[in-house]
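Engineer: give me the fold of what follows.
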Amino acid sequence: MSEQKITILYVDDEENNLFSFKANFRMKYKVYTAISGDEALEIMEKQAIDIIITDQRMPKMTGVEFLEKVLEKYPDPMRILLTGYADMNAVVDAVNKGKIFHYLTKPWNEEELDMTIKRAYDVLLKKREVEDMNEKLATSNDQLEFLLRQKLLS
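Structural biologist: Numbers count the residues shown, from 1 in each chain. This is a model prediction of the structure:
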């Protein structure tokens with residue numbers, strides 16, 4: 001069975017950063033890039049995304065505002081915030097409102113970002129595993145309840 005590539009959406013209003021990210025990670029991961037929160041949301045309508053990495057400071061919609069919108073429709077993807085400033089308010093907002101997994105400062109370090117992506121993906125897989133087990137458990141409970149009712153009725 002071939003290992004499926006992790007799907008990442010990288011959002012940044014600086015085109016150079018989009019090119020740089022894609023150049024660094026396109027061989028390892030399936031990478032989508034967006035120059036704005038709105039463009040990123042359009043991509044998410046068409047593509048299943050595992051991990052979102054977004055810049056905080058963007059015109060029209062900050063990274064935190066974007067992540068809040070993402071949460072409304074797509075609660076599953078792991079969220080990573082990049083900030084070029086020691087902007088603690090943005091970080092606190094991101095944790096509280098955007099429910100981020102991690103935040104990193106810009107410019108990002110390739111090795112650190114790669115490790116963060118892998119850790120985020122591990123957490124995502126565990127989350128999916130738990131959801132899958134809960135679903136199976138609910139089905140088993142329904143079947144058991146049905147069998148008990150049949151016994152009681154006969």
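Engineer: scan this protein for its longest helix.
Structural biologist: Across the chain, the longest stretch assigned as helix under DSSP state H is helix 110-153.
Engineer: any low-confidence regions in the protein?
Structural biologist: 1-3, 85-88, 90, 92-94, 96-98 (pLDDT under 70).
Engineer: all strands of it, in order?
Structural biologist: With DSSP state E as the criterion, the chain has strands at 7-11, 30-34, 51-55, 78-83, 102-105.
Engineer: for residue 136, which of those is the nearest?
Structural biologist: The minimum distance between residue 136 and the strands of the chain falls on strand 78-83, with 23.4 Å, by C-beta to C-beta. C-beta here means a position set from N, CA and C on the backbone, and glycine is covered the same way.
Engineer: given that closest one, what are its sheet partners and their directions?
Structural biologist: In the sheet containing strand 78-83, the strands it pairs with under DSSP bridges are strand 51-55 (parallel), strand 102-105 (parallel).
Engineer: residue 131: which of the strands of the chain is closest?
Structural biologist: Among these, the nearest to residue 131 by C-beta to C-beta is strand 78-83 (14.2 Å).
Engineer: who's in contact with the closest one?
Structural biologist: The contact list for strand 78-83, computed with C-beta atoms under 8 Å, 6 or more residues apart in numbering, reads 12, 50-57, 63-64, 67, 70, 90-91, 94, 98-106, 108, 116-117, 120-121, 123-124.
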